[in-house]
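Colleague: sequence and predicted structure are below.
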Amino acid sequence: MDTMAATSLACLRIRIAPEQIYFLKFILEAYDNLTIMSTVDRVEGVVELKYPLELEQDVKGVLQSMSRRLGLEDFNS
């Protein structure tokens, strides 16, 4: 029987301009297996990103590069 090592996932909630939720999802899907994105509150623009801990710098780099376009809040780089 094969065993797989459990990967810990980090969770990050951010607030973006609500009209940018679909754009962010589209961009994140272009990076295969980078994050799992869930919309928490589409009216307020709150989304949750889950990702492997070893990809944290990559995730934050992508977010930081798009922060102005997304109207990103609550993000500490």
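Modeller: Good, I have the coordinates.

Colleague: would you confirm that residue 53 contacts residue 11?
Modeller: No. In this structure, residue 53 sits apart from residue 11 without contact. The criterion is CB atoms under 8 Å, and the distance is 10.5 Å. From N, CA and C alone the C-beta is placed, and that goes for glycine too.

Colleague: return the set of residues that bridge with residue 73.
Modeller: Assessed by DSSP bridges, residue 73 has beta-bridge partners residue 15.

Colleague: count the neighbours of it for me.
Modeller: Residues lying near residue 73 (other CB atoms under 10 Å) number 12.

Colleague: give the contact list for it.
Modeller: Remark: with contacts taken as CB atoms under 8 Å, 6 or more residues apart in numbering, residue 73 is in contact with 14, 15, 16.

Colleague: neighbour-wise, which of the residues you listed leads?
Modeller: That'd be residue 16 among those, by other CB under 10 Å, with 23 neighbours.

Colleague: so what's the closest residue to that residue other than its chain neighbours up against?
Modeller: In space, not counting the residues next to it along the chain, residue 16 is nearest to residue 70; the distance is 4.3 Å by CB to CB, 6 or more residues apart in numbering. Contact analysis of residue 70 by CB under 8 Å, 6+ apart lists 16, 17, 20, 23, 24, 63.

Colleague: where do the helices sit along the chain?
Modeller: Assigned by DSSP state H, the chain shows helices spanning 21-30, 56-70.
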